[in-house]
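1. Next one to model:
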Amino acid sequence: MSADQDSPRALFVAYLFPPVGGVGVLRVTKFVKYLPECGWDSSVLTVSNPSVPLFDESLLSDIPADTIISKARTLEPDYSHKLAMSPKSNSESIYARWKTRLKSSLKWGGKALLQPEAQILWYPAAVKAGMQLLRDVPHDVIVATGPPFTNLLVGAALSRKTGVPLVLDYRDEWVINSEYLENKLSGRLARWMQKKMQSRADRAASAIVTTTPSSAAAIQSLAEQAGSRAQATHIYNGFDPDDFDASGTSLQRPDYGHGTDLFRISFAGTMWNLTSIEPFVRGVRRLCERSPHLAQRLEIVLAGRRAAGQDEFIDQLEELPVKTVRLGYLEHSDVTRLMMTSDSLLLLLSDVPHAERVISSKVFEYMAAKKPVFAVTPEGDQCDVLREHPGATICSPSDVNGIADSLATRLEEYRVGAMPDGLTWGFSQFDRRTQAGQLAQLLEAVSGKQGCSKSHIPHKETVSGKNEAEFTGSSLREAQR
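-> Predicted structure coming up:
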């Protein structure tokens, strides 16, 4: 291995990394893409045999050729074997019922033992490979991004063993992810264990980054309770202008067999407990009851992975006069094309505890597509961002009549040719290049190494209200352990 010794270097610990697909890959991928412009080189510690449902080879084009990538094997079974362990039998035979109970027991036992998640089986090899990489190539800071939260544990172990300062990047809050993900916590013991794990990782950190202001405040509180001296700040998720420029070469609207004169509203992403389509389905049903002539003009395109239960809600749409298109996972370039050829983009966030601290990463790409956004979301950080969008319609998940009325308004606007298009406004703060600059400034503060001129990095408020200049230098270096 070789590295440019003139530039500081960050090691990203990221189980989810191209060619793995899905929205969880994009944040670290774009950091790695744009950090060299800020004078920082990157290495990545990832998995050689990822046990994941999605792959997207197209994302590899974002990785700079000189990025050092170290891979370690996980002991997890292949993802297809994980699916096979899910109990799905409706048979009444004794054998089938016994088999279903056995699978349920094994799955429960596996979740109880493998904390914080199955990716803990990657931990031993990851730490070993990470130590070898850190011995071979000097690094100035470690950035561990989660979920999976095993990444944070690997990063903490490497930091303790080497003294290289650690930055934790919480793409999701540990507690929120664990409560609503399909493989959620299994009982009080699991919660206790994961709280201890998070506290240990937080104590090893010199700085913590989240994706929303409210998340930064919540995680700052947990870190202080754990005895960590790390300061928490936030860097939003965002969009890459290059993705949308590339999509401009072919913007012919796909025809899914319903013609091209319907009002197309599209959703792109994962549907699960935290982004359930159920409230939207109830609103569409109410629209059909009130204005069936308008509902007949509606085409709903749903792209991405869907967790258990979501397809049952979509089945209800098939009984209505609207047109429904179900697509599986699309490569990121195809998702971008879908967004740019739709009339409106559907955003979902369930009204559940802690949702006020969540912002879907898809919000920012929706903005970059310059299309109207139809958001079914509770109040919180997400609404604060959406209100900057001149084409956003915001409905509460509990307001069925409001969802139906807003849909009727959008459909009527479309019928008379009054829909806005080509929306423009100032949203450069959500550009991935800008956000890489924000991370570079934090890395400089943690490591004491200068990567590029501070003038190239936008001013940013931290959760405590201090500006970045106050968040640098000795105050962070004193927190390193």
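
2. just for the stretch 1-150 of the chain, where's the confidence low?
-> When residues are selected by pLDDT under 70, those of the stretch 1-150 of the chain lie in 1-5, 81-112.

3. which stretches of it form helices?
-> Secondary structure of the stretch 1-150 of the chain, counting by DSSP state H, counting those that start in this stretch: helices at 26-34, 79-84, 94-113, 123-136, 150-162.

4. who touches Tyr43 in this structure?
-> That one is not Tyr; residue 43 is Ser. Each residue near Ser43 by CB atoms under 8 Å, 6 or more residues apart in numbering is listed here: 3, 9-12, 67-70, 133, 137, 139. Any C-beta I mention is one placed from the backbone N, CA and C, and that applies to glycine too.

5. The same query, at a cut-off of 10 Å, please.
-> 1, 3, 9-13, 32, 67-70, 130, 133-134, 136-137, 139, 142 (CB atoms under 10 Å, 6 or more residues apart in numbering).

6. Got phi/psi on Leu347?
-> Dihedral pair for Leu347: phi -120, psi 130, per degrees, to the nearest 10.

7. and what of Leu411?
-> The phi/psi pair for Leu411 (degrees, to the nearest 10) is phi -70, psi -40.

8. Test my guess that it contacts Arg297.
-> Yes. Here Leu411 reaches Arg297: they are 5.5 Å apart, a contact under CB atoms under 10 Å.

9. Would you mind grabbing the residues shared as contacts by those two?
-> 262-263, 291.

10. Looking at the residues you listed, which are in strands?
-> Phe263 (DSSP state E).

11. Just send the shared contacts of Leu411 and Arg297 back as TSV, with neighbour count too.
-> Shown next, in TSV, are the shared contacts of Leu411 and Arg297 (neighbours: other CB atoms under 10 Å):
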residue	neighbour count
Leu262	18
Phe263	22
Ser291	17
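
12. from the shared contacts of Leu411 and Arg297, which is closest to Ala392?
-> Relative to Ala392, the closest of these is Phe263; by CB to CB it sits at 16.8 Å.

13. Distance of Val385 relative to Leu346?
-> Val385 sits 16 Å away from Leu346, going by CB to CB, to the nearest Å.

14. For Met367, which non-adjacent residue is closest in space?
-> Spatial nearest neighbour of Met367, chain neighbours left out: Phe427 (5.2 Å); criterion: CB to CB, 6 or more residues apart in numbering.

15. contacting residues around Ala10?
-> Counted by CB under 10 Å, 6+ apart, Ala10 has contacts 31-32, 35, 40-44, 139-143, 164, 167, 439-440, 443, 446-447, 449, 451.

16. Buried ones among these?
-> With neighbours counted by 16 or more other CB atoms under 10 Å, the contacts of Ala10 contain buried members at 31-32, 35, 40-44, 139-143, 164, 167, 439-440, 443, 446-447, 449, 451.

17. on that earlier part again, which one of the shared contacts of Leu411 and Arg297 is nearest to Asp311?
-> Nearest member of those to Asp311, counting by CB to CB, is Leu262, at 22.0 Å.

18. list the buried ones in stretch 123-142?
-> By 16+ other CB under 10 Å, the buried positions in stretch 123-142 come out as 123, 125-127, 129-130, 133-134, 137, 139-142.

19. and what of stretch 406-426?
-> In stretch 406-426, counting by 16+ other CB under 10 Å, buried: 406-408, 410-411, 413-414, 419, 423.

20. Repeat that for stretch 154-168.
-> 154-159, 162, 164-168.

21. from those residues, which two are the most distant?
-> Greatest spatial distance among these (CB to CB): Thr162 and Leu168, at 16.1 Å.

22. ok, for Ser291, nearest residue in space, not its chain neighbours?
-> Ala408 (5.4 Å).

23. residues in contact with the one you found?
-> When contacts are counted by CB under 10 Å, 6+ apart, Ala408 touches 286-287, 290-291, 294-295, 298.

24. between these, which is nearest His258?
-> Leu298 (10.0 Å).

25. just to revisit the earlier point, any chance of the backbone angles for the residue nearest to Ser291?
-> phi -60, psi -40.

26. Now do Pro50 against Leu222, distance only.
-> Taking CB to CB, one finds Pro50 at 29 Å from Leu222.

27. In terms of neighbours, single out the busier of these two.
-> Neighbour totals were compared for Pro50 and Leu222, and Pro50 leads with 21 against 18 (other CB atoms under 10 Å).

28. Make sure that one is actually in contact with Gln119.
-> Yes. Counting by CB under 10 Å, Pro50 touches Gln119, with 9.2 Å between them.

29. so how far is Ser221 from Ser266?
-> Counting by CB to CB, the gap from Ser266 to Ser221 is 37 Å.

30. And the two? Which one has more around it.
-> Using other CB under 10 Å, the more surrounded residue of Ser266 and Ser221 is Ser266, with 24 against 12.

31. State the helix or strand in which that one lies.
-> Per DSSP states H and E, Ser266 falls inside strand 263-268.

32. re the thing from before, go through the contacts of Ala10 and flag which are in strands.
-> Judged by DSSP E, those include 41-44, 141-143, 167 as members of strands.

33. Please identify which pair of these lies farthest apart.
-> Among these, Asp41 and Val167 lie farthest apart (CB to CB), at 15.6 Å.

34. how many other residues sit next to Ser428?
-> Neighbours of Ser428 under the rule other CB under 10 Å: 11.

35. That one contacts Pro241, correct?
-> Yes. Counting by CB under 10 Å, Ser428 touches Pro241, with 9.3 Å between them.

36. Now do the same contact list for the closest residue to Ser7 other than its chain neighbours.
-> Once flanking residues are discounted, Ser7 sits nearest to Asp41: 4.8 Å by CB to CB, 6+ apart. By CB under 10 Å, 6+ apart, the contact list for Asp41 reads 3-10, 32, 35, 64, 66-68, 137, 139-140, 451.

37. repeat for Asp431
-> Applying CB under 10 Å, 6+ apart to Asp431 gives the contacts 30, 34, 238-241, 364, 368, 437, 458.

38. Make TSV from those and add distance to Asp315 and secondary structure to it.
-> TSV is the format used below for the contacts of Asp431 (distance: CB to CB, whole Å; DSSP: H, G, I helix; E, B strand; the rest coil):
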residue	distance to Asp315	secondary structure
Lys30	36	helix
Tyr34	42	helix
Gly238	34	coil
Phe239	32	strand
Asp240	35	coil
Pro241	38	helix
Phe364	31	helix
Ala368	32	helix
Gly437	46	helix
Pro458	46	coil
